[in-house]
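Chemist: Predicted model and sequence follow; I will ask about them next.
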Amino acid sequence: MTFKKFLNYHDLIGHHTLLYGETDTGKTFYTSKFVQFLLEKEKTDPNEITILDFAPNLKHIKSLKIGGKIGDFYPESVNCVNLTFTGEIIPPRLNSGNKKELYKNAFHNYLKTSQILGAFNENPTPILIINDISIFLHLGNKKYLLDTIQKPNTFLGNTYYGSSISKDFARIFSLIEKYRVEYLIKRIENSIKTD
């Protein structure tokens with residue numbers, strides 16, 4: 001499916017949708033606008049919407065915006081069921097100087113993201129929103145994630161899929177990420193590229 005700058009959010013209800021693409025292509029922005037649509041236009045009960053935010057805090061690196069939370073774009077998302085963890089997500093490639101640091105950071109993120117995925121699976125809601133899925137996919141089980149995505153009636157998530165975040169020591173890491181995202185792209189009902 002091709003990306004339109006003005007998504008018909010009503011058409012996403014009752015379906016499973018994945019936005020994927022490069023950094024700074026609006027993935028988190030459009031995801032947050034869907035949450036806003038659900039709350040303000042559809043008058044959805046916020047207790048029916050779970051948000052799992054795997055993204056690191058927003059950073060500006062050169063001319064790119066990296067990371068960013070749903071709440072950065074739509075503060076009222078705090079009224080939904082936000083499953084959170086203590087501490088922060090570490091951008092694994094950007095905050096690493098070598099392969100050992102890369103995997104240490106990815107493991108740190110895996111512990112955080114798998115914790116809240118598990119919490120959702122114990123008490124699922126009809127609507128699930130996941131921001132920055134690739135953070136979990138670096139070390140997480142893609143089948144487990146797909147099973148989680150298929151539980152709710154409505155799913156909207158986004159993931160990095162590109163080459164703008166790259167370092168020589170992370171080539172294999174990035175390749176594995178790419179293959180795992182492609183696994184989801186092929187299996188999620190609506191997969192929409194944002195760049």
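Modeler: That came in fine, so what should we check first?
Chemist: Just name whatever secondary elements the lengthiest helix in the chain is in contact with.
Modeler: Ranked by residue count and defined by DSSP state H, the top helix of the chain is helix 99-122. Helix 99-122 is packed against strand 49-53, strand 81-83, helix 134-137, helix 142-149, helix 171-187, with contacts defined by 3 or more CB pairs under 8 Å, 6 or more residues apart in numbering; DSSP states H and E. Backbone N, C-alpha and C define where each C-beta goes, glycine included.
Chemist: what stretches of the chain score poorly on pLDDT?
Modeler: 1-6, 60-66 (pLDDT under 70).
Chemist: residues touching the nearest residue to I116 once chain neighbours are set aside, list them.
Modeler: Among residues not flanking I116 along the chain, L83 sits closest, at 4.1 Å (CB to CB, 6 or more residues apart in numbering). By CB atoms under 8 Å, 6 or more residues apart in numbering, the residues touching L83 are 50-52, 116, 119-120.
Chemist: SS state for P152?
Modeler: Here P152 is coil, with the state taken from DSSP: H, G, I helix; E, B strand; the rest coil.
Chemist: right, I mislabeled it, should have said P124
Modeler: P124 is classified as coil under three-state DSSP.
Chemist: my guess is it contacts K151, does it?
Modeler: Yes. Assessed by CB atoms under 8 Å, P124 is found in contact with K151 at 4.7 Å.
Chemist: about what we covered before: compare the contacts of L83 and tell me which is most surrounded.
Modeler: I51 (26 neighbours; other CB atoms under 10 Å).
Chemist: Isn't that residue up against I70?
Modeler: Yes. With contact defined as CB under 8 Å, I51 reaches I70; the gap is 5.8 Å.
Chemist: Mutual contacts of these two, please.
Modeler: 35, 77, 129, 131.
Chemist: Format these as CSV; extra columns: distance to E189, neighbour count and secondary structure.
Modeler: As requested, the shared contacts of I51 and I70 are exported to CSV (distance: CB to CB, whole Å; neighbours: other CB atoms under 10 Å; DSSP: H, G, I helix; E, B strand; the rest coil):
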residue, distance to E189, neighbour count, secondary structure
V35, 19, 26, helix
S77, 23, 24, helix
I129, 16, 26, strand
N131, 19, 28, strand
